[in-house]
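**Q** this one's sequence-less:
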């Protein structure tokens, strides 16, 4: 089987020899980039109109289809090729590059919000402030993607790699990255992906270079139950859960790569005077390192049967034993993109060249899947001020100058990754 | 201050020298008892009608007033003296005795059921089976009390002690024995109580001689909360609760007097990806021995601040410490009536004389308070078959012969305690 990996993938994964900063600077100084940036500035009202229009199409978890249809229609109207919605619900479209061997550079914003169906998603505008659930996370990302693709067209820019524009489903919470998971599992084009750039979050100076992986569990200890006094001595699932939780609390995890555990919720039992028949807890394990996450997970999973066994040994099992049920309720793989790789140094060069004080972070975004697969991947902000994401008070500031600078930065990063074909000018 | 305790109290508390069985046998063989028993048999339809009528007056926890009014009216109609409803809601009435120094023998059934307002309390009759929530626990007790008092009147029986008939509130669950607690705290007649006999439960062969005491707690650990990954390292109330629960699980308690602990319910936390701000558990501690209950309680209460301290020592408290809130949600004092005391031997003599295979038990009933105060106290069944108490499928069997024998047994026990004044025949 021939190696179908695009040449650009290896080039972006390689350690930078110092050339990336210069390359980024040259890009930002080019007349083509200036022309595209100028278009972003002129296009302000349309970008804002798209933010408002898309925000007001509710896109709850597992209910993104209306917004997906609107986003697909916008891509189609702008002349993108092969606009399609896959069986998971992702919208994809292509802007062909000039070098077939360069493969695809994916730019991806997520269609879903955290807000349930029925949430009032009307945008309230006060000056340059837009307030609405989901307006920034990640609806601005979708509108900015449309805007920067228009700017490339207006400036006549051709990229070497093909740009694969994607609106993904299921990035938030229980969605568990189902959109990008499906893309990398089922879409044959994933083999040609040279780089993955998620356009998510706002801060234009923040670059996500590490994917915080998480495994989430709902653990249920079950037992025979019984009257608290009459049946005293029988095994109690609450005690097995307590033992397991206490053992979890004693695990030592590395500070770097940051690795964490938490019990977020506990519940169970029907009455104070009854030994519970079931007691459950929800546990969140995370790490930026797949190895550390796997080690933590293995230690945690070993605790559970031991806690049940300890309870069965300590008390009477004549009416039944304590058993444990382990259910995975979240699985986001970890991964990293080397901070000294060319993809990171190119993005850093664009950000600093645009005047931002670059910082790298670990987070959980659509890039997780690509990073976990070893692909060069980053997540960049859609470039403006804002706050209160995941709350009903979410807001963004679309002050024209700073908004345009942020959009141009994301556009510059995309161009740095995909490569500008100057012969095509 | 003169000792106002009735002479009968000491006599019933004293250890039996073997005379109680003979005394009970003589009572059962007396023409007066035969006449009263005969009345119970003839009175069957009226007793059943009272059971149905009172059952169909809903009497939810903290909402016993309608049933209390009906019970008071029935006592008044039967010629009881001083029928009154106290500020807590208990109904009391007197049937005077012939010996002022003998004091009061209390016969007490509880007015409340476990069923919330709105529960369908219609009685369904199938042959001799009556089905309805609360029909046996303890509505039959109320109707049987009315019936046996009528039988004493019909047989012209005078007792030496005054009978204090009581319909108590708040025996069940969260009622926490509030009715009898109020009586023994606020009613000046409590000083004259020579014996306390709760008429509760059904089984005519069961005598409750030990009051299982219980302390019930809702324990809440609180902390600053935070993001499960971003704020990792901060104290987590779930871990403090787990430590406390695990420590509780390791306490060794005596098998005799039976002493028990249980965690019935646990809850708390808002999301799997947030360190919880609060986590609670409901804990039930019980013993038939006040001393053992107090020891268990002291050990448990010492665990709680230690668990909070351990968590505060193990993790970061810069955003706030874990604290613990301790709330008593139930307090039923323990106590026992000596199984070799005259009161127990008299009851045993009546039960075996009536043909039942007597057995003694520990339970939590209105007798708890009297036993805890050191008064001679017992709980006897209202005398029939039945089942599924505390469920919507509760039922009793009022088959006439066995029902009458059960009622006569409770009546015989009351007479054995209060003493029959044969000179008054």
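**A** Cool, got the structure. These figures come from a predicted structure and were not determined experimentally. Numbering: from 1, shown residues only, chains lettered A, B, ... in the order given.
**Q** looking at the sheet around the closest residue to residue A:260 other than its chain neighbours, what are its partners?
**A** Counting by CB to CB, 6 or more residues apart in numbering or on different chains, residue A:260 lies nearest to residue B:232, which is 3.6 Å off, once chain neighbours are set aside. Bear in mind the C-beta positions are built from the backbone N, C-alpha and C, glycine included. Beta-bridge partners recorded for residue B:232 (DSSP bridges): residue B:234.
**Q** and residue B:232, how many neighbours?
**A** 21 (other CB atoms under 10 Å in any protein chain shown).
**Q** host element of residue A:109?
**A** strand A:104-110 (DSSP states H and E).
**Q** I'd say the residue nearest to residue A:260 and residue A:262 touch.
**A** Yes: in this structure, residue B:232 is within contact of residue A:262 by CB atoms under 8 Å, at 6.9 Å.
**Q** distance of residue A:84 from residue B:58?
**A** In this view, residue A:84 and residue B:58 are 64 Å apart by CB to CB, to the nearest Å.
**Q** of those two, who's got more company?
**A** residue B:58 (19 against 14).
**Q** ok, now which ones touch the residue nearest to residue A:352 when sequence neighbours are not counted?
**A** Closest residue in space to residue A:352, ignoring its immediate chain neighbours: residue A:358 at 5.3 Å, by CB to CB, 6+ apart. Contacts for residue A:358 were tallied using CB atoms under 8 Å, 6 or more residues apart in numbering or on different chains; they are A:205, A:207, A:348, A:351, A:352.
**Q** quick one: which of these is nearest residue B:23?
**A** Residue B:23 has its nearest neighbour among these in residue A:207, at 94.2 Å by CB to CB.
**Q** quick one on the thing from earlier: next up, the contacts around the residue nearest to residue A:260.
**A** Counted by CB under 8 Å, 6+ apart, residue B:232 has contacts A:258, A:260, A:261, A:262, A:286.
**Q** These: which two are farthest apart?
**A** Spatial extent of the contacts of residue B:232 (CB to CB) is set by the pair A:258 and A:262 at 12.9 Å.
**Q** of these two, who's got more company?
**A** Neighbour comparison, residue A:258 and residue A:262: the larger count goes to residue A:262, with 27 against 19 (by other CB under 10 Å).
**Q** helix or strand for that one, which one?
**A** Using DSSP H and E, the element containing residue A:262 is strand A:259-268.
**Q** And the average pLDDT for that strand is what?
**A** Strand A:259-268 comes out with an average pLDDT of 96.
**Q** Also stretch A:191-208?
**A** 97.
**Q** next one: stretch A:271-283
**A** Stretch A:271-283 comes out at a mean pLDDT of 92.
**Q** Measure how far it is from the centre of its chain, please.
**A** Between the centre of stretch A:271-283 and the centre of its host chain there is 34 Å, according to CA atoms, centre = their mean, to the nearest Å.
**Q** gap between the two ends of it?
**A** Stretch A:271-283 has its terminal residues 24 Å apart, counting by CA to CA, to the nearest Å.
**Q** right, is that stretch up against chain B?
**A** Yes: legend: contact between stretch A:271-283 and chain B by CB under 8 Å from any CB of the partner chain is shown at A:271, A:272, A:273, A:274, A:275, A:276, A:279, A:281, A:282, A:283.
**Q** How about the contacts made by the fourth one?
**A** The reference is to residue A:274. Going by CB under 8 Å, 6+ apart, the list of residues near residue A:274 reads A:225, A:226, A:227, A:228, B:262, B:264.
**Q** Of those residues, just the buried ones, PyMOL syntax please.
**A** This is how PyMOL selects the buried members of those, with burial counted by 16 or more other CB atoms under 10 Å in any protein chain shown:
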select buried, (chain A and resi 225+226+228) or (chain B and resi 262+264)
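**Q** List just the nearest of the contacts of residue A:274 to residue B:109.
**A** Closest approach between these and residue B:109, by CB to CB: residue A:227, at 22.7 Å.
**Q** Now for the closest one: which residues touch it?
**A** Taking CB under 8 Å, 6+ apart, one finds A:273, A:274, A:275 in contact with residue A:227.
**Q** contact partners of the strand holding residue A:109?
**A** Contacts for strand A:104-110 (CB under 8 Å, 6+ apart): A:6, A:8, A:94, A:138, A:141-142, A:144-145, A:159, A:161-172, A:179-180, A:189, A:192-200, A:366, A:370, A:382, A:414, A:417-418.
**Q** Report the rounded mean pLDDT for that strand.
**A** The average pLDDT within strand A:104-110 is 98.
**Q** what's the next secondary structure element after it?
**A** Counting by DSSP H and E, what follows strand A:104-110 is strand A:124-126.
**Q** Mind listing the strands that following strand pairs with, and their directions?
**A** Strands that pair with strand A:124-126, judged by DSSP bridges, come out as strand A:129-131 (antiparallel).
**Q** TSV please, covering the contacts of residue A:274 and showing distance to residue A:51.
**A** Compiled in TSV, those are given as follows (distance: CB to CB, whole Å):
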residue	distance to residue A:51
A:225	54
A:226	58
A:227	60
A:228	57
B:262	56
B:264	51
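**Q** So which residues of the stretch 101-250 of chain A form strands?
**A** A:104-110, A:124-126, A:129-131, A:162-168, A:193-199, A:206-211, A:213-222, A:226-227 (DSSP state E, counting those that start in this stretch).
**Q** just to revisit the earlier point, quickly name whichever of the contacts of residue A:358 is closest to residue A:217.
**A** Distances from residue A:217 to the contacts of residue A:358, taken by CB to CB, are shortest for residue A:207, at 30.7 Å.
**Q** What count of nearby residues applies to the closest one?
**A** By the measure other CB under 10 Å, the count of residues near residue A:207 is 24.
**Q** Quick check: bridge partners of it?
**A** Residue A:207 forms beta bridges with residue A:360, residue A:380, as assigned by DSSP bridges.
**Q** For residue A:158, give me its contacts.
**A** Going by CB under 8 Å, 6+ apart, residue A:158 touches A:97, A:98, A:420, A:421, A:424.
**Q** Single out the residue in the stretch 51-200 of chain A that lies closest to chain B.
**A** Relative to chain B, the nearest point of the stretch 51-200 of chain A is residue A:173 (8.0 Å; CB to the nearest CB).
**Q** quick one: pLDDT of that residue?
**A** Reported pLDDT for residue A:173: 85.
**Q** SS state for residue A:320?
**A** Per DSSP: H, G, I helix; E, B strand; the rest coil, the local secondary structure of residue A:320 is coil.
**Q** State the pLDDT value of the nearest residue to it once chain neighbours are set aside.
**A** Of all residues not flanking residue A:320 in the chain, residue A:224 sits nearest, at 3.4 Å (CB to CB, 6+ apart). If you check residue A:224, the pLDDT there is 92.
**Q** Likewise for residue A:390?
**A** Reported pLDDT for residue A:390: 83.
**Q** what about it, how many neighbours?
**A** 14.
**Q** quick one: it and residue A:114 touch, right?
**A** Yes: the criterion here is CB under 8 Å, and residue A:390 meets it with residue A:114 at 5.1 Å.
**Q** Residues that sit against both of those two, list them.
**A** residue A:137.
**Q** Spell out, range by range, the helices that occur in chain A.
**A** With helices called from DSSP state H, chain A shows them at A:7-13, A:19-29, A:31-42, A:44-55, A:65-77, A:140-154, A:178-186, A:237-249, A:290-314, A:342-353, A:367-372, A:400-418.
**Q** In CSV: these, plus mean pLDDT, mean neighbour count and distance to residue B:318.
**A** Output for these, formatted as CSV (pLDDT from 0 to 100; neighbours: other CB atoms under 10 Å in any protein chain shown; distance: least, CB to CB, whole Å):
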stretch, mean pLDDT, mean neighbour count, distance to residue B:318
helix A:7-13, 95, 20, 39
helix A:19-29, 97, 16, 38
helix A:31-42, 98, 18, 43
helix A:44-55, 98, 19, 37
helix A:65-77, 98, 19, 41
helix A:140-154, 98, 25, 34
helix A:178-186, 98, 20, 36
helix A:237-249, 98, 27, 18
helix A:290-314, 97, 17, 24
helix A:342-353, 98, 25, 31
helix A:367-372, 96, 26, 29
helix A:400-418, 98, 24, 33
